[in-house]
Structures are given as C-alpha cells and as structure tokens.
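**Student:** take a look and give me a structure for this.
(chains A, B and C)
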Amino acid sequence: MSKIILMTFIFATSLIAGEAHEIIKKLDENFRGKNIYMKLNMKIVSMGHERVMKMQSYSQGTKKSFVKIIYPPKDEGITFLSLDREMWQYVPKIERIIKIPPSMMLQKWMGSDITNDDMVKQSSIVEDYEPKIIKRDGSVVTIELTPKENAPVVWGKIILNIDTVTYTSHKDIFYDEEGKEVRYFIYKDVKKVGNYFIPTYWRVQSSDIAERYTEMVIEEVEYDTKISEEYFTKSALKRFSK
Amino acid sequence: MFKLALKNTLFYKGRSITTAVLTFVSTILFILFISLQDGSHNAMLENSLKIYTGAIEIYHRDYRDVGGNEYLIQDAKAITDKLAKIDAVEAFSTRYETYGLFSSKEYSAASMLAGVEPSKESVLSSLGTALKEGKFLDENAGNCIYMGAELVKKLKLGIGDEVAFVGSASDDSFAADIFKLCGVFKTGLFEFDSSASFVSRSYFDELMNGYNKASYITIKLKNIDDADIVNSQIIKVLDDENLESLTWKTLMKSMVEMMEIDSIFGYISLSLFLVVIFFVIMIYGFINISSRIKEFGVLRSIGLSKKNILLLLFYEIFILSTISVILATPIAAYICYYYNINPVVIKGIAEMYKDYGVVSDEIPFNFDMFTIFWNVAVVYILNFLSILYPYLYINSFKPIEATRHV
Amino acid sequence: MYKLILKMAWKNSFMRLSRTLLVIIMIGVSMSMMLGIQGIYDGMVNNMVDKNRRSDSGDITIFAKDYRVNRDLLYRIKNVHEIKNEIQKMDGVEAVVLRIRADGLLSTARKSSFASVIGIDLKEEEHFGKFSEFLKEGTVDLQKQGAIIGVELAKTLKVRVGSKIIFSTQDGSGEINSIALYIRAIVQTTNIALDNSAIFIDIGQLHKFLGTASTEATQISIRGNGEKLYGELKSKYPNLDVKTFLELQPMIKQMQDLMVIFNSVTFFIVMSVVFVGIFGVMYVSILDRIREFGIMLSVGMHYKYIRLQIFFEALFVGLMGYLSGAVLGAVILVYLKNKGIDLSSFSDALEMWGYESVIHGTIKISYFTTTFASIITASLFSILIPLRKIKKLNPIEVIKADK
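**Tutor:** Purely as a prediction, here's the structure:
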C-alpha cells in the first residue's frame, strides 16, 4: 500500500515538474516562435524625465537577433547584432562596428532597464533554471525558477506568473541571491497572432526606485515569416543601418 | 648672577664649546628635518591637488558611493553663483565625468571621459601643464580630445588620429562620437594617465546633453589652509541636504593618512637623534658640574640659596643655548628658505614614487616661521631639562661637604 | 701585571659612578632606540616583499613574450609541464607554480566590477607561498567551482563567503563565456593588485572554462635563490620573458635601497654623537687623574701600561653600554616582532599601499654585530686625544701642579 502511495507521489511530482517545464517552454515559444519580427516603442522613465525610442527587431531561434533603432533621429540607424553570446553594435555617426566586451554586458541597454545580458541570454531561462510550480490560481500558475547548480546567472530566483490559457506571463519578479527583490516585468494586452499569443505591453520596473521604469509597446509583430539570413551577419550591421 | 654665569661659560671652555656645538647641530638638524618632511608632504599634496583634485569639491549626495547619472548635480549654475560670492574661493569649475568605451582602429579600452572648462582648468589644475605632446584644449576645441599618455599607448594612437567613443548621455540615452586626439598628457599618476581623457565642455554638453549638469564642482582656494573654514561656509551658503561639500582631507584620505604615518616615523627617528644629543649635553653638563662641586659649596656657604644655584645653572645653559640658537636658526632658516624656493631635485624620484602620487622630481623644503619657532623651543626645553640631573646631584652635597670635595 | 691593570681599569671605570652610568645609559638608550627603529623599518619592507613574493611572483617569474605588455590570454606559455619539470631539477629551486590568468567582469545581481581570475593549484601554492596564511574568512577550498576572492574586491561587490558570483570573459578562442563561482574564502595578501581585483579558482577549472589546454599557462613563478639561477633560466628560455622579483617590482627595490641609505645615515649620526659623549667622559676622567698618571709615570711605570689601562677603561664603558643597549634593544625588538605597532587607525592608507595595519619588526643578527663594532670603535677612538695628552706629560710638572 505504502508503495503505491509512494509511486503515485513520485509520479505526481514528476508530472508537476514536467508540467512546469512544459509551461516554461511554451512561454518561451510564444516569445520567439521559429522566428519573429517586431516593431516596438520603448519609453524609458528615470529621474523625472522620459525618453522614447522606436526600433525594429528580427530574431531567429534563441541565438540570433538583430535590432535597429528607427527613432529618435539622433540614434536612428544604430544596429545591434547578437549571435550566441556575443554582441556587436554599429553606430552610423562614428561609422564603426563595436564588439561589446564582457565588461559592458551588464550595462543598461540603450539606457533602459534591460541589460545587454538580457538581450543575449534570452535562451537561458529554459537552459539555466529549474522551474517549480508553487501556486495555482485558476488559469494562472506561479512558477519559481531557481538557477541550476553552477548556471552562470546572477539572479537568485525568478518568479513568473503565467496564464496557462495563452502561455504568457503577466508578472516576472527577479530576486538577488539573498532573496531581495531587484526588479520586475509586467506584461499586459495579450494579442493572438497566428498560433501564438504575445503581450503587447511590457514594463520593466526597478524594485528600489519607483519612478524608474521602462515601458515597451509592441506595435507590429509577425511570426514565422521568412527573415533573411543576411540579417544575422556582421555585414548586416552596416548594410541595414540605412 | 647672570654675570657670574657668563664668566663660568667663558671659563669652562670645553663644556661650553661642546654644548654649544651640539645645540647648534641639533637645532639645524631639527629644523631641516622637519622642514624637509613637511615640505615633501606639502609638495605631494600640492602636486595631487594641482593635478586634478580640488581643495574642496561639491557633490550630489551618493555620487561618490553609488555613482551614475541619477546623482549628477542638475543645476550647477545655482551653485556656482553662490560660490562666486565667497571671498576665499579663488576659482571654481564644473566637471562632468562619464565612463565609456574608446576604440581606435584595432584596440579598445574602457575609460573616463570628462567634460571640462579648459580656461578654468588652467587656473585650477595642472592638466594643461602636464602636456606631453600636441596641445591642451581650449573653449573652441570642438571634438578635440586630451588623453592620458598610458591610455594613448593602450589604444595605439597618434596626434591627429581619430578615436571613437561609445557611452551614455546624461539622460541615459546613447552617446557616441568620434574625437580627434589633439593632446597627450602625462602627470606621472599611472592610474590617471591610463584612464582619463578630456573634452571641452562646450562640445561635450552637446553630445551628452549635459548643459548645466555636473558630476561635481571643484574649487581652488586662495589659501588651502583655510579649507575647513571655507568648507563650512560653503555648506552654509549652499544650504542643501542633497549636496555634500568635501575638503581635500576627505577626498584624499588615504594620502593624508600615509603622510601622517610617515610623519610619525619621521618624528620617531628624529627623537632618537634628539635623545642622544640631549644625553651628551647632559653628560657634559654633569661632568662640568661635578668638577665644580667645591665651587658650589663655597657659593652655598657664602649664602646663595638652592634657587640661586639653579638660576646660575639655568643662566649658563641659557647663554650657551641662545648663542647656538642665534647662530643656527638663521642658517637653518636660510637653508629652508633657499630650498623652499629652489627645491632639491633628485632625478628619478617621480618615476620611483609614481604610484604614490609623487609627480615631480623636486623636493622643496617647508619654510614656516612657526615651525622653526617650535623647533627652537623644543631644543631649549631639552637643554633646560639637561641641567636638572646635575642640579640634583649638587644638591645631594651639603655645602660644607662640598667645599672639601676633591 | 695585566691582571693588575685590568683590575685598576675596572675600579677606575666605576670611581665616578654616576658619570659612567650616564654614559652607559646614553649608549643603552640610543642604541636600543636605534635598533627598534631599524627593526620596524626593515619589518615593514620585509613584510611587503615577503607577501608580494609569496602571493604572486616568487623570486623569478616567467611569462610568454609580450604578455606583460598586453596582458592578454593570447600570450600563453606552451608545454608548461615540461618546463616546470626542467626547472624543478635545476639547482637552488625550491618551488615552482603555474598560473593562468584572465581578465573580465565579475558580477552579482546588483553590482559588477573588473576582476582577474587566476587559476591556481592550491597544494602547490601552499608549498610555494603558504597561501592559507592569507586567509581572512572562510575556508581555503576550491572544489566544485569554489573561489577565493581578494578582500577589497569582496568589499566592492558586497559579497561574502557563500555568495555566488558570475565571471564573464573572452575565452581562449575569443568567445564570451560565463561561469558561476561560489566564494569559499576571502583573502588578504596585502599585495594591492591582488586584493583589489583577484579571484582565485582551481587551475583545472579555469582551463576548462577558458578552453585552454592544461599544458598552457600565462605565468610560471619560481621560488629559489641566486643570480645564477636567473642567468641559467634566461639563457635556457630565450623565447620567454624571465624576470626577477625586483625587476617586476622596481618600486620595492627602490624602497629597499632607500631604507638602507636611511638606516646608515641614522646609524652614522647616532654613532658620532655617542662618540662625542664617550669622548667627553673619557677625556675628563683622564684629566681628573692626570696627577695620578704623572705619579705612575714618575715611579717608572711604562707609558704602555697606562695606555693599556685607559684602553681597558674605555672598553669596559663601551661594553657595558653595548650590553645594556643590546639587552634593552632585544627586548624592544622582541616586543615589536611579536606584538608589533598597531596602526589600525591608519589602516585605510596602509592597506592601500600594501602594508599591514599592524606592523611587526624584524630582528637581524647584523643589528647587534654592527652596533657592537661601532660602539667599541667609538669608545676606543675616544681615548686617542686624552692619551696624547698623557704622552706629552712631564711627570714632575704634573705632580707639582696643584690641580
């Protein structure tokens, strides 16, 4: 008898663990499809003033992405390319391709609350963390991600609140190693595009400073269209800058 | 009594000459030692202050600890307007420092880029005089960059070459530009030479959106010794909790501490010399007095009190000390004065101590009347102390006994 | 005869007890002070040298050509094990360690800082420089991605033992790579460069992370002695950059030189003044007894014996002074060596320049031998002039003269 209980217990936990993996994987798929094109507006608020940027983003799978700034005019034409964990940037004003060195990876990307590291390590949420369901509330499942042993990630844990109808998160909270909250993401306005669901409003908020946040609104999104491989080469940085 | 003392000093030539010579030597040694020590410390400080750090600097609170654009001074003019009214302030200037990535054709390096007001910097700091190649900035220098020699070496640049900069502006937006290397400086401070570069503010502000903003305001005083007083005055005038005004003592705490330690060791060594000299003077005084026991016995028997004897001894040592001091002080003072104006130059010392912030081969002496005065006072006190034991020794004899003493 | 002279000299030395005592005290106090000062100065420099040697470069360090200029992983030494074996067989070599070093970014969720990861073999480092003595907190253990961090770097990043940190750098093939490290210990080497920016991990681990071969290293450091060894290494490995400790640390060399100069000047000044002191006392004591010497001469005693007697007197005084100084000095030195001078209130500055905040003195036999030689010399020189005076004496006149 006890054996049966034990068996069911093991089965149940593995099922739950499997389920958590499944949810994270689906969430991740919604964010990137096979490939994804987005046009988005970014508003960065800090120190009582705000800045607006517009950009186009092309990405394929987890390892390749290309971003081009189209507004404001001052920054128009700046392009970013990330392949694997490396990242390059082209700045038309100085006509140079710069490889972002490791020392700059944790700096804020274009002054937003997103770090360069966030941009290149999109895949790591599936690879580097162990998910665990800690709460269910209707269709919303709360999943705690703890870094796998020896995973090279700075966060102590991440808590995601995922709607299992659309497989999109509505809030991700990032904690440091001591369990203190560092920042959180809020997602809203989920839109269905083909087979995918994507929140079209994102907000990155610093936990310590209330008046400091970055908002992103996705204006256009296309999944699984043909994105030319040419975008993911270093020569694209300059070529597609115009 | 004084006359008797004078006669005695003339009579006991051996003792008088030795005492006078030793006092003379110790006075000179003492004054020169302290003067050299203070002088080299002052020079170190002055050099560092001259290079870049101000006598007083005003920051937004937390800028120094946390840093970042959030803690920039947002309205620099409001502060500088107030500073202009303070008399003791000789000059001030705003500086805006930011960090970013420089890249030449092949090499790149992270470094500080600061927007400065060139004409004011010429008064405030020795940035301009540290020029090694090319020329210093001026207000209309445009995209000219003035860069530390070590950084230039790292990036393998030459005068006239272009260097790209990528960083972030005051609103955290993206900032990138191409600068032209117009000047190279070498201060001797390795850290500084390998990680600092400057651009004229008029150009910098445009790029960084830095109008009226500043990382801090640096201040030069008419007299650096007033730093504490002026600082409290500034804090009062600013009257803003979000600002902090700090003197060089805080800004260069580790250097100040190092000098204090150096002084402590200096004083220990010096006290060794003085103690030895003091002993010798005492020994000579003692020998002298023990050969005069009979004389003192006679003096006591004819009615001189113990007090009178002490006075006699005091006068004697006073006469000897004064003669030596009068001779020694002007000589020592002149040497100090001379080397204060024409510092000793030891080739290579700047190179050797570059990590310690020594940027000049010159070691000036310090010339300060007050210091000389207390040095002389110490010599006097030691000399006076040296007669105590001999005096007690005489008193241990009864007058009658003493007159019979052989 | 000699026995008598010796006895007389001994008695005479103490005839004017307080005078002699004063001289002895003078010699004792000044000598012990001088020893103490020298001990402390030497202690400061030695400590700095010792820790720098142990924690980093040893006596001789070998780099690949151009590594020191560019500090890039590209410039590594190949076949290090062979080289190491060869060096270990050489004369005068005590220990050899291999290290590999990569510069990059160390980060936590809130902060990041430049850092150098240094791959070490703990066992060998222990043999090389007693690495565990640098420990400030935690335990020395590098297993399972354990790391040991420099004390100042730990402060900058606000991490402690048990914290996890991420190090990112370009690996051997130029790709950016990251690794998670767990802080097991915090060390204070008082080697400024290491305390500010070093994090030590197991050399095998670092090779794996960087993708470099285990037969490669950026640095081979050697403990051992002799110019000869240096010359041999230099001629044996012409394609590598062989540097001695002092070549790598020119400033320390300068400091050592400066200390020697300073100590000699101090020594000279103190000894000259001591000489003046002894001279005064000897001179007067001879003058006092000039009649006595006159009588001795007139009763037929040879000048030689008088000279000998005075010589012994001076020797006694000098010896007594030296002994008191040596004892007192030894006490001071032992105290300074064991307890040290606590300068914690200046610890910021001291640590910044690579000194410890409690400074311990050193004791060298040479302190005692050189002072011995000079005090005895000073005592003996001090009788030269008085002796000449006696030699010129006309015994009759002296006896007549009622002093």
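**Student:** pLDDT weak spots in chain A?
**Tutor:** Screening chain A residue by residue with the criterion pLDDT under 70, one finds the ranges A:1-17, A:101-108, A:110-112, A:115-124.
**Student:** actually, the stretch 251-400 of chain B.
**Tutor:** Counting by pLDDT under 70, the low-confidence segments of the stretch 251-400 of chain B come to B:346-361.
**Student:** what about 90?
**Tutor:** Residues of the stretch 251-400 of chain B that meet the criterion pLDDT under 90 lie in B:251-321, B:323-325, B:328, B:332-333, B:335-376, B:378-380, B:382-400.
**Student:** what segments of it are helices?
**Tutor:** Secondary structure of the stretch 251-400 of chain B by DSSP state H, counting those that start in this stretch: the helices cover B:253-290, B:293-301, B:306-341, B:349-352, B:369-386, B:388-395, B:399-404.
**Student:** which of those helices sits most buried?
**Tutor:** Neighbour counts (mean count of other CB atoms under 10 Å in any protein chain shown) averaged over each of the helices of the stretch 251-400 of chain B peak at helix B:253-290, with a mean of 20. All C-beta spots, glycine's among them, are computed from the backbone N, C-alpha and C.
**Student:** before we move on, back to that, can I get the helices of the stretch 251-400 of chain B in JSON lines including distance to chain A?
**Tutor:** Output for these, formatted as JSON lines (distance: least, CB to the nearest CB, whole Å):
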{"stretch": "helix B:253-290", "distance to chain A": "25"}
{"stretch": "helix B:293-301", "distance to chain A": "81"}
{"stretch": "helix B:306-341", "distance to chain A": "46"}
{"stretch": "helix B:349-352", "distance to chain A": "30"}
{"stretch": "helix B:369-386", "distance to chain A": "49"}
{"stretch": "helix B:388-395", "distance to chain A": "66"}
{"stretch": "helix B:399-404", "distance to chain A": "83"}
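**Student:** ok, which of these comes nearest A:V165?
**Tutor:** helix B:253-290 (60.2 Å; CB to CB).
**Student:** mind listing what residue 59 touches?
**Tutor:** Reading this off chain A. Residues in contact with A:S59 (CB atoms under 8 Å, 6 or more residues apart in numbering or on different chains) are A:R32, A:N35, A:I36, A:S65, A:F66.
**Student:** let me rephrase: I mean chain B.
**Tutor:** B:Y59 makes contacts with B:Y71, B:I73, B:S215, B:Y216, B:L243, B:E244, B:S245, B:L246, as judged by CB under 8 Å, 6+ apart.
**Student:** how about 6 Å then?
**Tutor:** By CB atoms under 6 Å, 6 or more residues apart in numbering or on different chains, the contact set of B:Y59 is B:Y216, B:E244.
**Student:** how far away from the center of its chain is the strand or helix carrying it?
**Tutor:** B:Y59 belongs to strand B:56-60 when elements are defined using DSSP states H and E. Between the centre of strand B:56-60 and the centre of its host chain there is 22 Å, according to CA atoms, centre = their mean, to the nearest Å.
**Student:** which residues touch C:L258?
**Tutor:** If you count contacts by CB under 6 Å, 6+ apart, then C:L258 has nothing around it.
**Student:** centre of the chain versus the one helix or strand it maps to, how much separation?
**Tutor:** Element membership of C:L258 [criterion: DSSP H and E] is helix C:250-288. Distance of helix C:250-288 from its chain centroid, counting by CA atoms, centre = their mean, is 21 Å.
**Student:** now swap in stretch C:124-144 and tell me
**Tutor:** Stretch C:124-144 has its C-alpha centroid displaced from the chain centroid by 23 Å (CA atoms, centre = their mean).
**Student:** wait, C:T189 touches C:F134, no?
**Tutor:** Yes. Contact between C:T189 and C:F134 holds when scored by CB atoms under 6 Å: they sit 4.9 Å apart.
**Student:** what is the mean pLDDT for the helix holding C:L258?
**Tutor:** Looking at helix C:250-288 alone, the average pLDDT works out to 80.
**Student:** now do the buried residues in that helix.
**Tutor:** Buried positions in helix C:250-288, judged by neighbour count with 16 or more other CB atoms under 10 Å in any protein chain shown: C:251-256, C:259, C:263, C:266-267, C:269-271, C:273-288.
**Student:** likewise for stretch C:300-315?
**Tutor:** Applying 16+ other CB under 10 Å to stretch C:300-315 flags C:Y305, C:I306, C:L308, C:Q309, C:I310, C:F311, C:F312, C:E313, C:A314, C:L315 as buried.
**Student:** just to revisit the earlier point, chain C is nearest to which of the helices of the stretch 251-400 of chain B?
**Tutor:** Nearest to chain C among the helices of the stretch 251-400 of chain B is helix B:253-290 (3.3 Å), distances taken as CB to the nearest CB.
**Student:** what helices or strands is the strand of greatest length in chain B leaning on?
**Tutor:** Taking DSSP state E as the criterion, chain B has its longest strand at strand B:89-103. Using 3 or more CB pairs under 6 Å, 6 or more residues apart in numbering or on different chains; DSSP states H and E, the elements in contact with strand B:89-103 are helix B:76-84, strand B:108-116, helix B:118-124, strand B:162-168, strand B:216-221.
**Student:** in it, what counts as buried?
**Tutor:** Burial within strand B:89-103, assessed by neighbour count using 16+ other CB under 10 Å, is assigned to B:89, B:91-98, B:100-103.
**Student:** which single one of those is nearest to B:I51?
**Tutor:** For those, the closest approach to B:I51 (CB to CB) belongs to B:R95, at 13.2 Å.
**Student:** is chain C contacted by stretch B:239-256?
**Tutor:** Yes. In this structure, stretch B:239-256 sits against chain C according to CB under 6 Å from any CB of the partner chain; the contacting residues are B:S254.
**Student:** of the contacts of A:S59, which belong to helices?
**Tutor:** With helices identified by DSSP state H, the entries of the contacts of A:S59 that belong to them are A:R32.
**Student:** out of everything not next to it in sequence, what's closest to A:D28?
**Tutor:** What sits nearest to A:D28 in space, not counting adjacent residues and going by CB to CB, 6 or more residues apart in numbering or on different chains, is A:V126, at 5.4 Å.
**Student:** host element of the one you found?
**Tutor:** For A:V126, the secondary-structure element it belongs to, assigned by DSSP H and E, is helix A:124-127.
**Student:** after that helix, next one along is what?
**Tutor:** On the C-terminal side of helix A:124-127, the nearest following helix or strand under DSSP H and E is strand A:129-137.
**Student:** tell me the strands beside that next one, with direction?
**Tutor:** Strands that pair with strand A:129-137, judged by DSSP bridges, come out as strand A:140-147 (antiparallel).
**Student:** returning to what we had before: compare the helices and strands packed on strand B:89-103 and give me the one nearest C:N47.
**Tutor:** Counting by CB to CB, C:N47 lies closest to strand B:108-116 out of the helices and strands packed on strand B:89-103; the figure is 33.6 Å.
**Student:** secondary structure and distance to B:Y52 for the buried residues of stretch C:300-315 - can I get that in CSV?
**Tutor:** Formatted as CSV, the buried residues of stretch C:300-315 follow (DSSP: H, G, I helix; E, B strand; the rest coil; distance: CB to CB, whole Å):
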residue, secondary structure, distance to B:Y52
C:Y305, helix, 74
C:I306, helix, 72
C:L308, helix, 70
C:Q309, helix, 70
C:I310, helix, 66
C:F311, helix, 64
C:F312, helix, 66
C:E313, helix, 64
C:A314, helix, 60
C:L315, helix, 61
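**Student:** got JSON lines for these, with pLDDT too?
**Tutor:** What follows is those, written out as JSON lines (pLDDT from 0 to 100):
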{"residue": "C:Y305", "pLDDT": "81"}
{"residue": "C:I306", "pLDDT": "81"}
{"residue": "C:L308", "pLDDT": "84"}
{"residue": "C:Q309", "pLDDT": "82"}
{"residue": "C:I310", "pLDDT": "83"}
{"residue": "C:F311", "pLDDT": "85"}
{"residue": "C:F312", "pLDDT": "85"}
{"residue": "C:E313", "pLDDT": "83"}
{"residue": "C:A314", "pLDDT": "85"}
{"residue": "C:L315", "pLDDT": "86"}
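**Student:** all set, thanks.
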